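Student: Provided below are the primary sequence and the corresponding predicted coordinates.
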There are 2 protein chains.
Amino acid sequence: VNELELISLLTRSLPGNASVIVGAGDDCAVLDLGLAGEFVLFKTDAVVEGVHFESGAAPEQVGHKALARCLSDVAAMAGRPTHALVTLGLPPAFDPVRIEAVYRGLNQLAVRHDVAVVGGETTANPGGMLISISLLGRVARERCLLRSGSQPGDALFVTGDLGGALERKHLTFEPRLSEAAWLADHVSVHAMIDLSDGLAGDLRHLLKPSALGALLQAESIPVSRAARQRSRTGLSSKSPLLAALTDGEDFELLFTVAAGDAVALLDAWKDSFPKLKLTCIGKITGQPGIALRDKEGLKPFPHHAYLHFA
Amino acid sequence: VNELELISLLTRSLPGNASVIVGAGDDCAVLDLGLAGEFVLFKTDAVVEGVHFESGAAPEQVGHKALARCLSDVAAMAGRPTHALVTLGLPPAFDPVRIEAVYRGLNQLAVRHDVAVVGGETTANPGGMLISISLLGRVARERCLLRSGSQPGDALFVTGDLGGALERKHLTFEPRLSEAAWLADHVSVHAMIDLSDGLAGDLRHLLKPSALGALLQAESIPVSRAARQRSRTGLSSKSPLLAALTDGEDFELLFTVAAGDAVALLDAWKDSFPKLKLTCIGKITGQPGIALRDKEGLKPFPHHAYLHFA
């Protein structure tokens, strides 16, 4: 049983109630609490020592990453984060100075996005440090972007560069909150997700609700310099393209718009975010599965190229 | 550095914002999201294998306990729980059948209280299973009960029996949601907390915001039969009274009312909850610290009788 199969098993019959707009299966839960014009977003995400960060990682960066991952999920719905709770699992021997530094990194990011940290708890966790963040956010009802909503023929876009994130930015990335808000304001985005599992894995999450497929143009995929270097120096056995498709931890935005909106989007984006790449990497198709077109032709991208449990 | 000192260190300077009514330091965070007449309650709580439950515990009961602890915190504010997220930390070898059973226990309790389970996540956790629950709730603004608000002279009440909970009910207890709602409707409660750390420890949490003290009548404290038996048979080295004061995991309600309301409260309670004991165990005083009166006279209850890290 891998992670996705287990989640699918557990989420088959979860209790609901009338206020649930979107439950399990999107970047955040979407709740109608009765606020005029707005939904509430609700999300939880954990980082674990030895899984999501090494024991020697800078504690400020660990705290930053723990919160940034949740903020990235709120960004994927074009939402605005508002309140966080912090659950800290601590091994028997822990250094309070290190824990304070974790909080410092987390609090600095919270302040930048006007997120109130309203409590949480500490608990013993024999295997190592664990930081779980619970996050609340808000989004205007008509702006809330889901994973579902893509149409065959849509253009598929991704921000930034992909691959090699563990070497370059997984502890320091900035969640794409302002970019997502801009997209919701300026473009008719059909569906959006943030990239945590890798382009191929998260693209599947985007396609699944609509039972659609995607055709990726291999030459268009924005491979990071780190992914190229790791491949060239033998640090990674993956080709640069495979790294971009499967490394994970990119925390960029992946989204679809009608093909007719693609050119205007690219122009407007360049004006607003001159320093951040936006790339059309392919299109949505009616044929389930991911296909990759390169110089040698069209081939399916295998489903099991990347399944993680983390 | 013990747990309370660490928490005090970490919560000294948390980022806030204008919507925070109560941040860290009460049973739940209290948020003003702009709902007419209501506050939103926000809480997180985790149970860890080997700390809060043994590896051999029935998985349905583990799931029940994980959610019930959070519901108990919402009860302590006289609130109504509405939505939960479940974070599941799993050791390398786990049994999916066991995980399904954890969810079954959790879901059954959620359904009974109309709580929607709207997602969560699974993550690797090398040291053992961890279940962290994030909970949202609501409460009418004028009904929300805090830990602060006690006055010198107030009568101090506790529901149920105390001590020995690890032997009898820590995996199966029912959170006191209906009792707390009744209290908010029928009595002018000054302050309330749920008992997780033990009467002495949680009473200190209740006294701390107002810098008050308490005088407990030793003979009035409702010691459970399990606490008496464990002491008699040598299973516990604590006296039954010390067990009731410090064992923890009781998940009963501890609250204060004006002394003049005490008799009417006891009468009305008996009519509404004939099967659940309600006991006046002492009073609030202006002198910080906890004093205990028994046959031999009055003595202070030492601060370090119970400090845990769990």
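Tutor: Perfect, I can see it now.
Student: confirm that A:Ser13 sits in a strand.
Tutor: No. With DSSP: H, G, I helix; E, B strand; the rest coil as the criterion, A:Ser13 is located in coil rather than a strand.
Student: contacts only, for the closest residue to it other than its chain neighbours.
Tutor: Computed as Cβ to Cβ, 6 or more residues apart in numbering or on different chains, the closest residue to A:Ser13 that is not its neighbour in sequence is B:Asn107, at 7.5 Å. Backbone N, C-alpha and C define where each C-beta goes, glycine included. B:Asn107 makes contact with A:Ser13, A:Leu14, A:Pro15, B:Gly63, B:Val117 under the criterion Cβ atoms under 8 Å, 6 or more residues apart in numbering or on different chains.
Student: let me know the secondary structure of B:Asn107.
Tutor: Classification of B:Asn107 using three-state DSSP returns helix.
Student: what's the pLDDT at it?
Tutor: Predicted confidence (pLDDT) for B:Asn107: 97.
Student: B:Val115 versus that one, what's the distance?
Tutor: Applying Cβ to Cβ, to the nearest Å, the value for B:Asn107 to B:Val115 is 9 Å.
Student: between these two, what contacts are shared?
Tutor: With contacts defined as Cβ under 8 Å, 6+ apart, the residues adjacent to both B:Asn107 and B:Val115 are A:Pro15.
Student: for A:Lys238, state which of the contacts of B:Asn107 is nearest.
Tutor: Within those, proximity to A:Lys238 (Cβ to Cβ) peaks at A:Leu14, which comes in at 35.8 Å.
Student: what helix or strand is A:Ser132 on?
Tutor: Using DSSP states H and E, A:Ser132 falls within strand A:130-140.
Student: and for A:Leu166?
Tutor: Going by DSSP H and E, A:Leu166 is part of helix A:165-168.
Student: distance from the chain centre to the helix or strand following that helix, please.
Tutor: Scanning forward in sequence from helix A:165-168 by DSSP H and E, the next helix or strand is helix A:177-186. Here helix A:177-186 is found 15 Å from its chain centre; the criterion is Cα atoms, centre = their mean, to the nearest Å.
Student: run through the neighbouring helices and strands of the following helix or strand past helix A:177-186.
Tutor: Beyond helix A:177-186 on the C-terminal side, the first helix or strand identified by DSSP H and E is strand A:189-194. Packing partners of strand A:189-194 (3 or more Cβ pairs under 8 Å, 6 or more residues apart in numbering or on different chains; DSSP states H and E): helix A:59-75, helix A:177-186, helix A:199-207, strand A:253-257.
Student: if A:Phe53 is in a bridge, with which residues?
Tutor: According to DSSP bridges, the partner residues bridging A:Phe53 are A:Glu49.
Student: could you verify my assumption that it touches A:Gly63?
Tutor: No. With contact defined as Cβ atoms under 8 Å, A:Phe53 does not reach A:Gly63; the gap is 10.1 Å.
Student: hang on, the earlier thing: can you state the direction angle for the helix or strand that the strand holding A:Ser132 is followed by and helix A:177-186?
Tutor: For strand A:130-140, the following helix or strand on the C-terminal side (DSSP H and E) is strand A:155-159. On the basis of axes from the mean of the first three to the mean of the last three Cα atoms, to 10 degrees, strand A:155-159 is oriented at 150 degrees to helix A:177-186.
Student: pLDDT averaged over strand A:155-159, what's the number?
Tutor: Computed over strand A:155-159, the mean pLDDT rounds to 98.
Student: show me what that strand is packed against.
Tutor: strand A:253-257, helix A:262-272, strand A:278-285.
Student: Throw the ones you listed into JSON lines and include mean neighbour count, distance to chain B and mean pLDDT, thanks.
Tutor: Listed next are the helices and strands packed on strand A:155-159 as JSON lines, based on neighbours: other Cβ atoms under 10 Å in any protein chain shown; distance: least, Cβ to the nearest Cβ, whole Å; pLDDT from 0 to 100:
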{"stretch": "strand A:253-257", "mean neighbour count": "25", "distance to chain B": "19", "mean pLDDT": "98"}
{"stretch": "helix A:262-272", "mean neighbour count": "14", "distance to chain B": "26", "mean pLDDT": "98"}
{"stretch": "strand A:278-285", "mean neighbour count": "20", "distance to chain B": "25", "mean pLDDT": "98"}
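Student: among these, which is nearest B:Ile21?
Tutor: Taking Cβ to Cβ, strand A:253-257 is the member of the helices and strands packed on strand A:155-159 nearest to B:Ile21, at 33.5 Å.
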